[in-house]
Every structure is written in C-alpha cells, then in structure tokens.
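K.L.:
Build me a model:
(chains A and B)
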Amino acid sequence: MSDSPAGGLDALQEHLFRIPEQEFNALVQELEQRRLNEARANKIALIMRFLRPRLAILKPRRRMTLLRMMCTPFEDILYNPGSPRKAIGKIPRNALKSVWDLLVENADANRLRQFEEQLAAMPMEEQTKDAMLEFGREFWQFCAYALRGVIVVAEGSTRLRRELIDKMGDDNHFASLKEVVSMLEVAEPIMTLRDNLSQGPIDVVSNRDLDAIISAFTAVNAQGPNYQECVIYVILARLADMASITDVFQRIDDAGAGSVITHVSDTAAQAMVSQIEDQIKDMDDDIEVAPDRETLARQAGDYVGTLAGAAKAIGQTGSRQQSRRVGQVRGELADKVRLNVLQEGDEATAALLTTLLAASFSDFDDDDDPAAEQEMLEKMQDRIVSLRVAERYADDIGLGGEVEQRLADIETGLSKRADKLLGTLNIGSNRSKAEADLNSTVRLLELIAGPESADELRLKGLRLLDGE
Amino acid sequence: MEVLVPGLSGSQGVYVIPWRGLRDMFKMTVHDRALHEEIEGLEEATPQSVRGAVLNVAAGGLAGPKAREAALIAQQKEEDDKLRAGFHLIGAVVENLSGSALQVTLNEVATEEGQREVRNILNRIADHLGLPASTMHDRMDAWAGVIANIGVPNMPNKCRVRRAMDSIQTFSETIGIWGDQTFTANKDNGRVINSIAFETLGVINTYLATLDKFTEMSGDTLKNWPKAGENVAALAQKAEWLLDGWDSLVALWDSSVDEPAHVLDTVVGDIFRLLPLAPRDELDTRRRERWAEFEKSINMAQKNAERKGSSSIDLDAMLRLEKTKYRAL
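P.N.:
Here you go, the predicted structure:
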C-alpha cells in the first residue's frame, strides 16, 4: 500500500511522548475536525489509534462543539467499519457529516446560532457534566425535532426518499439518520443509562447495571415501545459477549420487570446478527494484521457463539425469516473460516510436513539453521492450535468434516515422522540433536493427540537413545 | 520429596502428596512429566537445582519453540552471571585486601597477561593471609560458585537474584497503586500483595546485607572459609528460597497490565492465590501477627477458587500456562 501512513505512524509513535502538550492537543483537535470528511475518516481513525497511549494519559479536555454535543447520546454505538456499510444498532462515523449538514439545512438557523454562541461563551472550566447535560437537554430535542421532520417528509413518497438518499450520498447514511434521531429523541434516559452502566466490555452484568437497564427501559417506554431498541443498542455495545443479552432479558423477567421489555428479542437478535455479519466482513482484512492464525480461529469462535445467542433469542419469538437470516450469516462465516483459517494454511502445512518428513535425523551438522527450525515449529504449532480451536465450533457451521480431515492428515504425517525417527535412534546417535528432533515431534503430537501417546513416543525414543 | 496441595477437593487441610505419586493423581502434559522425571533425578531439590531442571526441560522444546528460546537465553544469562559474579568478587577481594590500592578491570582479565597479573595479586594476598596459593584459589572458586546468582554489591549489571528483587519492587509498587486506584473486586488483594512483597523484600535484604558483609571482610571470610563458606551458602540459599515463586507472578502481572480492567482484576486474584508467603519464623515478631492474617485470607481465596473435577488438561489452559512459564524464565 503506497498511501499507507504506517511508516509515518511508526515515527509518530516514537515521538508520541515528546510532542509538547499544547501541540498535542492542537493535533487532536485538528484530526477530529478532519475526521468529519468521509474520505479521510478511516485513515484519521487509524492515526487516532496510534495516539491513544498519550491520549489515555493526557486526557486532553477536548473543546465541546455542537456536533460533538449532538453525538454524545449515541457515542457508544459509533464505529469505523472497514468499508462503507452499516450494521443495525451501530452508526458509522462517516455518516455524521451528512446528518449534520441536514440539521444545518433544516433547523431554525437563529436558534442554532444561539446554541453555538451559548456554547462558545461557556469557558472550559464551566463545561461540567451537569452543565453539559443541562445544555444538551434542550439541544438534543431541537436536533431531534428538526431531523425527524426531514425523515417524515422523505418517507412521504418513494421519490422524496430517493432524493434524500441521493443527497446524503449513501443508503447507509439514511439508515444512520433514522437511528440517530431515535437516540436523540430519548437522549435523556439514554444519557442516564450511559452514566450508570459499567464501562464496557462488561463480562458480568451487576445488579447495579441491571437496575440502570430496567430504569432506562421504563423511561423510554413512556415515549413508546419502539424506543426500546435504543436501550438495546447501548447494552450490546457495552457487553463483552453480545449473546449474553438474552441472560439480561431473563434477569429482567426474573426481577418481575418483564413488562418493560415487550419489543426486545426481535430487535436484539436482528442487531446481533447484523453486527456479527458486519464484523465478519472485516475478517479478510484481519488476516493481514492478526499475529497468528490462532487469533483468527478464536475470533471466529466468538462470532459463532454470538450467532448461537442470536439464534436463541430468535427461538423465543419464532420469526422464520430471522432464523433464515441467521442461517445465511452462519454460511458467510463458514466461508470466511474455510478460506482464512482452513484453506489459507493448507499449502504451507503440506510444505512443512514434507520438510519434517524429509529431515534426516542422523547426520547432524552445524549447518542446521536454528532460527529457520524455530520458525517452522512455530508455524506448525499455530496451524495445529488454530485447527483445534476451530474443531470446537466446526460442527456448528458445517465445517466439522473439513477440520477433522486436516487434523487427521497432520497426525498421520507426524506419526510417519515419529516412526522414521524411532528407526534411526540408537545409542550412537548424536544425543542433543536426536533429543531435539524427538522433542519437537513429541510436542506437535501432544498438541494434536494429547499427552498420553506423545509421552509414549518420548519414552520409547529415550529408551532407544539409552540403548535399552 | 513431597508436594503440598492446599484444599484439595474442597477440604480444609493441606494434602501432602509424595513426589512419585503426583503423576497418578494429576493428568500432566508431556513437558510436566519430563520435568517431574528431571526433578526426581536431582540429588537435592533447592530453588537453584529445580530452576536448572526447569530450564533444561524447557530448552528441550517440550513446551514449544517460544519456551525453548526463552530457556536457552536464560541459561546463557546464568552463565554470564556466574562469570561476572566471579570477576567482581575477585575485584572486591583485591580492592578490600590491598586497601583500595589495586583494582582489577575487565580489560585486564580479558588478556592472558592480565589473568597472570590477577593470579599474582591473588597469590600475594594468599601470602598475606597465610594461606597456600592453591587453597586461596579453591576458596575463591567455591565462593564465586555459591554467590553466582547473587553477585557482590554495586555490580554495574546485577545478577539474577538482585534483578528479580528490582522487578518485585516495581511489581509491588505498581500493584499497590492499582489497589489504591481501582474499584474492582480484588482491590484489597492488590494492597495485601503490595504489603507481602514489601515485607518479603525486607527479609531478603537483611540476608543480602549480611552476605555482603562477608565480601567486605573478605580477609576473614577467606581465612575461615570452612565455617564462613557454610554461612555464605546458607544465606544465599535462604534468599533464593524466599524469592522462589515470585518471578512467574511478576511475569503474569507484567504481561497483563495492558489488559482491560476486568481481566486485570482476575489476574490480581490469581496472583493473590499463588502468592508465596515466607515462613512466619523468618519474620520479626511484630510482623508475625499480620502475616497470620495474610495466610488466612490467601487460604480462603484458594478454597473459593477451586473448581471440581478439572483433572483433564485442556488445550487453552496448557497454552496459557506455557505463555507465563516462558515469560518467567
């Protein structure tokens, strides 16, 4: 990638802690401004990621702007997808600019200017949480009102809708607009929820979290059951494992508050399926950055688990169309796993096995390249471990046979190597080289077949080396 | 040899399992089996000899290529420590006994001529102490061997024991700060770990201070080596015993500090349960009462953490443990 900023970023990271504080803050502000430009959003997000270590320490007080103020209620669900797209319950950052333009175009210009002036007149030290909440209360309503008007008009006819989508430049941006407006309409209870819910990723939902969630559902219901989705999106964004949201629903029910969640299972399932599908799209890119195949295999395992959770949620309401949707996504996931975890390693594995088999054990010499050997063993280990990780969920996505076959092939190859090795070992063997060969075979065999048979091989080999 | 397993299968007591019986009671990885054999073959099980066994087995590759590489590096470092400790011991002895008039430099020792010169100096010192030259050299060698992992004071690059103490110091400080700033379940355990580490370092430091006295008074040490040597060896070994088990916890902490808060909290819980508590009689009396409280809360944590029926090895646990193992080597 010639336009990759990576080289520059390395340099940036090196100097990250040497940039004077004032300049660093200016840089952050500048980047945030540029992030609004859709074409640059992803690259800027990448740069921001590099700045994070310093950001975390410095926590520069970023100057509040009206745009940032508008986004605060739905900050949890903002994201930077790898390609132009949108998952249900997530808002791509690159949609914000066109939403903001719509607001400027359709809202009362005088009032908007007043908000602007009011904010500008507020010194940084007066921008406390309470003060901003107070300011936001009125401002979010104002935004919601103006933007809801835009949607109502657009939904009036196919043509008007088309026109709006064309103007915004993307289907996804229109879908984002709708979610943004919903979130803004219930901004107050959502802000309370955001404040009271533990920071993500939440592994275990505490009773305090549960209280906050029930209160949020109760509050949004006063404006209509459709707003329950806004609460769900925030919860999904904070949960370490999305699928555990069905447990949250169960606990709400157990707490006797089941009546506040009438519209949840479907929405949650839809959002989960859509968000996993969205993440799966990036799997092809992940392979470039994943440190090893094992990481990818584990990642895919998380998706399979979340899909199962979604299927369970759907099972409760029984929408057949949604079950089909889960089936489709499961198919997409299977394709990605087959391509990126299974097939991607096939050639290399075959080559490694051939090398391992061809390695002559007896004539040890100093020409052996220990670094190359180390790398070969690491690759083989990663291959076996990633297959064994995939083995756990392979049946769920219809890949059971394909994984088993590959594991069996490797095991056969290793057994052949073991036999050949045992045939050459004797009391006259170069002990250190022979033990190294033996141990590496034992190690790989253990990863694939467990310690019993592997240890048997080790003991057999050692007896031969001892001349027994 | 025996292994102590606290609270096995939910019981209150501590089980004493004969070393040989270990393999029948627990399912072990190949690496652990080989280590079991290696330790069984040791003449004497001390922290140093067990560490040697651990490095040997890991260097054999049974815990994977990464552990192998780490073990080879660690073995090399031990060799380096030994050489440097020996060299600096000579330096200290020469300086002390010549009234600082003579100093040995590394450059000198690197040449054959330099080595001859050092030998001559040592011979003169032997003469001065009224020892035969060969006895003097034997005693210097034995001394250097005993403190190979500890070294002498003020070495520009410390040996392993003193390095480990520095990392425990940092570990103790950071985990204490963590305990003060966090609000998660193991917050108090973070503080307790900080106290225990602090006290343990204190005890080790008193041993090292005494050990360093022997270097300061090198004339007497060499003259009375049969008795002094025993004392030096006992002190060195005590320091190693007290350090035993800390390095893997420090490695666990170091590799987890960047994890999200909830993961780090679990790690602190793990560290707390595995904490090696120095025997109470190593401490001075005013601290013993507090120590008893620590013992009690660690035992409680160990009991609460038990999971029943986990005797089979799962791949994830095996790989996770290996990662900490090679980080700690």
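
K.L.:
In contact with the most centrally placed residue in chain A, which residues?
P.N.:
Centre of chain A computed as the mean C-alpha position; nearest residue by Cα atoms, centre = their mean is A:Gln279, 6.0 Å away. Residues counted as contacts of A:Gln279 (Cβ atoms under 8 Å, 6 or more residues apart in numbering or on different chains) are A:Tyr303. The way it works is simple: take the backbone N, C-alpha and C, and place the C-beta from them, glycine included.

K.L.:
What strand or helix carries it?
P.N.:
Using DSSP states H and E, A:Gln279 maps to helix A:264-281.

K.L.:
Same check on B:Thr184?
P.N.:
Short version, using DSSP H and E: B:Thr184 is in no helix or strand.

K.L.:
what sits against it?
P.N.:
B:Ala261, B:His262, B:Leu264, B:Asp265.

K.L.:
State the distance from the third one to chain A.
P.N.:
Spelled out, it's B:Leu264. Distance of B:Leu264 to chain A, computed by Cβ to the nearest Cβ, to the nearest Å: 12 Å.

K.L.:
That residue is in contact with B:Trp178, isn't it?
P.N.:
Yes. B:Leu264 is in contact with B:Trp178 according to Cβ atoms under 8 Å; the separation is 7.4 Å.

K.L.:
Any figure for the gap between the residue nearest to the centre of chain A and chain B?
P.N.:
Between A:Gln279 and chain B the computed distance is 18 Å (Cβ to the nearest Cβ).

K.L.:
Neighbours of B:Ala197, how many?
P.N.:
21 (other Cβ atoms under 10 Å in any protein chain shown).

K.L.:
and the closest residue in space to A:Ala390 that isn't next to it in sequence, what element?
P.N.:
Nearest residue to A:Ala390, sequence neighbours excluded (Cβ to Cβ, 6 or more residues apart in numbering or on different chains): A:Ala297, at 4.8 Å. In this assignment (DSSP H and E), A:Ala297 forms part of helix A:293-317.

K.L.:
Over to A:Lys416?
P.N.:
Using DSSP H and E, A:Lys416 sits within helix A:400-424.

K.L.:
I'd like to know which of the contacts of B:Thr184 are buried.
P.N.:
By neighbour count, with 16 or more other Cβ atoms under 10 Å in any protein chain shown, the contacts of B:Thr184 hold B:His262, B:Leu264, B:Asp265 as buried.

K.L.:
Can you verify the first one is assigned to a helix?
P.N.:
Yes. With the criterion set as DSSP: H, G, I helix; E, B strand; the rest coil, the secondary structure at B:His262 is a helix.

K.L.:
Next, B:Ser256: secondary structure please.
P.N.:
At B:Ser256 the chain is in coil, as set by three-state DSSP.

K.L.:
does it really touch B:Asp270, like I thought?
P.N.:
No. B:Ser256 is beyond contact range of B:Asp270, at 9.2 Å (criterion: Cβ under 8 Å).

K.L.:
quick revisit: could you dump the contacts of B:Thr184 to JSON lines with pLDDT?
P.N.:
Compiled in JSON lines, these are given as follows (pLDDT from 0 to 100):
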{"residue": "B:Ala261", "pLDDT": "75"}
{"residue": "B:His262", "pLDDT": "76"}
{"residue": "B:Leu264", "pLDDT": "85"}
{"residue": "B:Asp265", "pLDDT": "87"}
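
K.L.:
so which two of those are the farthest from each other?
P.N.:
Distance extremes for the contacts of B:Thr184: the farthest pair is B:His262 and B:Leu264 at 7.4 Å, using Cβ to Cβ.

K.L.:
Relative to chain B, how far out is A:Gln381?
P.N.:
Going from A:Gln381 to chain B by Cβ to the nearest Cβ gives 6 Å.

K.L.:
what residues are up against residue 79?
P.N.:
Looking at chain A here, since you left the chain open. Contacts for A:Tyr79 were tallied using Cβ under 8 Å, 6+ apart; they are A:Ala87, A:Lys90, A:Ile91, A:Pro92, A:Arg93.

K.L.:
again, 7 Å this time
P.N.:
By Cβ atoms under 7 Å, 6 or more residues apart in numbering or on different chains, the contact set of A:Tyr79 is A:Lys90, A:Pro92.

K.L.:
any idea how far it is from chain B?
P.N.:
Using Cβ to the nearest Cβ, A:Tyr79 is found at 18 Å from chain B.

K.L.:
Up against chain A, what does the stretch 1-150 of chain B have?
P.N.:
B:Met28, B:Thr29, B:Val30, B:Arg33, B:Gly60, B:Gly61, B:Leu62, B:Gly64, B:Pro65, B:Glu69 (Cβ under 7 Å from any Cβ of the partner chain).

K.L.:
would you turn those into CSV with pLDDT?
P.N.:
Formatted as CSV, the residues of the stretch 1-150 of chain B next to chain A follow (pLDDT from 0 to 100):
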residue, pLDDT
B:Met28, 84
B:Thr29, 89
B:Val30, 92
B:Arg33, 91
B:Gly60, 91
B:Gly61, 90
B:Leu62, 92
B:Gly64, 89
B:Pro65, 87
B:Glu69, 89
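
K.L.:
rewinding a little: the helix holding A:Lys416 - contacts with which helices or strands?
P.N.:
helix A:346-358, helix A:370-394, helix A:431-449, helix A:451-465 (3 or more Cβ pairs under 7 Å, 6 or more residues apart in numbering or on different chains; DSSP states H and E).

K.L.:
If we use 6 Å, what do you get?
P.N.:
Here helix A:400-424 touches helix A:346-358, helix A:370-394, helix A:431-449, going by 3 or more Cβ pairs under 6 Å, 6 or more residues apart in numbering or on different chains; DSSP states H and E.
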